[in-house]
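Enquirer: Generate a structure from the sequence data that follows.
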Amino acid sequence: MFKADSHIHTTFSPDGRQTPEQLIQTAIAAGLTEITVTEHCECNDNAALPPEETPWPDLDVKAYTETYEKLKETSPIKINIGIEIGQATQGREYAEKMLSSYEWDFVLGSLHNVRNEYDFYYMDYAGKDLKKLFSEYFDQLYETVETCRFSSLSHLYYPVRYIYRQGLTLDLEQFDGQIKLILELLAKKGLGLEINTSSVSDSYGDLVPGFRYAKMFRELGGEIVTVGSDGHYAEKVGVGIDVAYKMLKEAGFTAVATFEKQVPVFHNI
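Expert: Presented below is the predicted three-dimensional model:
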């Protein structure tokens, strides 16, 4: 059975906790057919990090790509080399520079913070106006889809995982109008939607996005879906992929996509 993880980080990302060699062994043990490595490239010059945090260095594209080009020669599973472009709208020139630095197989489009705020990972949500915050987030996510280059949009409602970790909840349906506009634009532009599995075993306990929005995307004409664990360490690689495939079938999809040189390749599920 085909099984791919299209969102993975290693020690080439500052928050990665597994080496490339460990990743391949873990992926084999998890029964994966194919992996796409998507190291972080944050385009807003560390503006989303609190001052007490160590600044993230720029992604070393040469070392990263040469390492995986070499590993591809002997790997028993297929490896695609991708990049996760974060906050491209907050650093457009840098985003374009990085996108042009290599012939990437796959580009994830991500938004980890709204302008003038820290990454959602670092936020204290107690006392926050969550409706206002999420409304700003979805507006800026729409801008990302409208103006930036990528293959698939990552973790549609990224901040929700951290809200739940802090013991709070959020009714996402109040943002259905904004979410529909984002999904509609993705479908119109022929772009992909990622099903992120990282929160399946977390406090949120569901895929991001879950069935409601995967089905909405399909009904709006969306055809390209990718699935990724967002694994930063070995234990997370491949986790929840089967759950995502089952949900996608229920939502009306018959295939998932991986990418080669930014061209989708469809695999029946």
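Enquirer: now the strands for this protein?
Expert: Taking DSSP state E as the criterion, the chain carries its strands at 4-8, 34-42, 78-86, 106-110, 152-153, 192-196, 225-228, 255-260, 263-268.
Enquirer: Can I get those in JSON lines including distance to F120 and mean neighbour count?
Expert: C-beta here means a position set from N, CA and C on the backbone, and glycine is covered the same way. Below are the strands of the chain laid out as JSON lines (distance: least, CB to CB, whole Å; neighbours: other CB atoms under 10 Å):
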{"stretch": "strand 4-8", "distance to F120": "17", "mean neighbour count": "28"}
{"stretch": "strand 34-42", "distance to F120": "13", "mean neighbour count": "26"}
{"stretch": "strand 78-86", "distance to F120": "11", "mean neighbour count": "23"}
{"stretch": "strand 106-110", "distance to F120": "11", "mean neighbour count": "26"}
{"stretch": "strand 152-153", "distance to F120": "16", "mean neighbour count": "26"}
{"stretch": "strand 192-196", "distance to F120": "14", "mean neighbour count": "28"}
{"stretch": "strand 225-228", "distance to F120": "18", "mean neighbour count": "27"}
{"stretch": "strand 255-260", "distance to F120": "26", "mean neighbour count": "20"}
{"stretch": "strand 263-268", "distance to F120": "28", "mean neighbour count": "14"}
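Enquirer: now those in CSV, with distance to L172 and mean pLDDT?
Expert: Output for the strands of the chain, formatted as CSV (distance: least, CB to CB, whole Å; pLDDT from 0 to 100):
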stretch, distance to L172, mean pLDDT
strand 4-8, 21, 98
strand 34-42, 25, 98
strand 78-86, 22, 98
strand 106-110, 18, 98
strand 152-153, 16, 98
strand 192-196, 14, 98
strand 225-228, 19, 98
strand 255-260, 23, 98
strand 263-268, 27, 98
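Enquirer: Select, out of the ones you listed, the one closest to T144.
Expert: strand 106-110 (5.7 Å; CB to CB).
Enquirer: Can you list the helices and strands that the closest one packs against?
Expert: strand 34-42, strand 78-86, strand 152-153 (3 or more CB pairs under 8 Å, 6 or more residues apart in numbering; DSSP states H and E).
Enquirer: Quickly run through the sheet partners of it, with directions.
Expert: Strand pairing for strand 106-110, using DSSP bridges, gives strand 78-86 (parallel), strand 152-153 (parallel).
Enquirer: neighbours of A234, just the number please.
Expert: 18 (other CB atoms under 10 Å).
Enquirer: Please read off the pLDDT at it from the model.
Expert: pLDDT recorded at A234 is 90.
Enquirer: Spatially nearest residue to it, not counting backbone neighbours?
Expert: T26 (4.3 Å; CB to CB, 6 or more residues apart in numbering).
Enquirer: separation between the one you found and T258?
Expert: Distance of T26 to T258, given as CB to CB, to the nearest Å: 18 Å.
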